[in-house]
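Engineer: My questions are about this predicted structure, shown below with the sequence.
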Amino acid sequence: MIKLVPIVIDGYTALGVEVLLPKTTLLAVTIGDGYIMCGALDVALLNDKLKDRGILAGRAVGVKTLDQLLDAPLESVTHEAERAGIVPGMQGREAIARMASLSAQ
């Protein structure tokens, strides 16, 4: 099952996505040109093999709900995210707010 949830952060509406799979749930929150995701996100792949795409993304591990994803510190981020001021340790909610503000510019 796939669940889509609107999430309002700092006046911007992001889209939360839950994909229920056997024995795991994929979690992502996206807004503008970026997203954060659960531990299934392969940041190294995005930075290395897909670097030409300039993907703005961050990864949080050990999360089981969208709320946990938003509250957790990002464990890793893409190079593009770092250039945008999104860094490891930043709370997911703060990263989404930053992505939203960049898209609004």
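Structural biologist: Structure received.

Engineer: counting residues per helix, which one in the chain is longest?
Structural biologist: Longest helix in the chain, counting residues (DSSP state H): helix 92-104.

Engineer: Following element in sequence after the lengthiest strand in the chain, please.
Structural biologist: Criterion DSSP state E: the longest strand present in the chain is strand 12-21. Next helix or strand after strand 12-21 toward the C-terminus (DSSP states H and E): strand 24-31.

Engineer: okay, the nearest residue to residue 19 once chain neighbours are set aside: pLDDT?
Structural biologist: Of all residues not flanking residue 19 in the chain, residue 26 sits nearest, at 4.1 Å (CB to CB, 6 or more residues apart in numbering). Glycine gets a C-beta too; all of them are placed from N, C-alpha and C. Per-residue pLDDT puts residue 26 at 96.

Engineer: same thing with residue 3?
Structural biologist: In this model, residue 3 is scored at 97, pLDDT.

Engineer: Quick check: it vs residue 34, distance?
Structural biologist: The spacing between residue 3 and residue 34, counted by CB to CB, to the nearest Å, is 21 Å.

Engineer: between those two, who's got more neighbours?
Structural biologist: residue 34 (25 against 11; other CB atoms under 10 Å).

Engineer: How about the contacts made by the more buried one?
Structural biologist: 55, 56, 57, 58, 81, 84, 86, 95, 96, 99, 102, 103 (CB atoms under 8 Å, 6 or more residues apart in numbering).

Engineer: go on, residue 79?
Structural biologist: Taking CB under 8 Å, 6+ apart, one finds 47, 51 in contact with residue 79.

Engineer: Could you do residue 30 as well?
Structural biologist: By CB under 8 Å, 6+ apart, the contact set of residue 30 is 14, 15, 17.

Engineer: Give me the phi and psi for the residue nearest the centre of the chain.
Structural biologist: Nearest to the mean C-alpha position of the chain, counting by CA atoms, centre = their mean, stands residue 36 at 0.5 Å. Phi and psi for residue 36, reported as degrees, to the nearest 10, are phi -120, psi 160.
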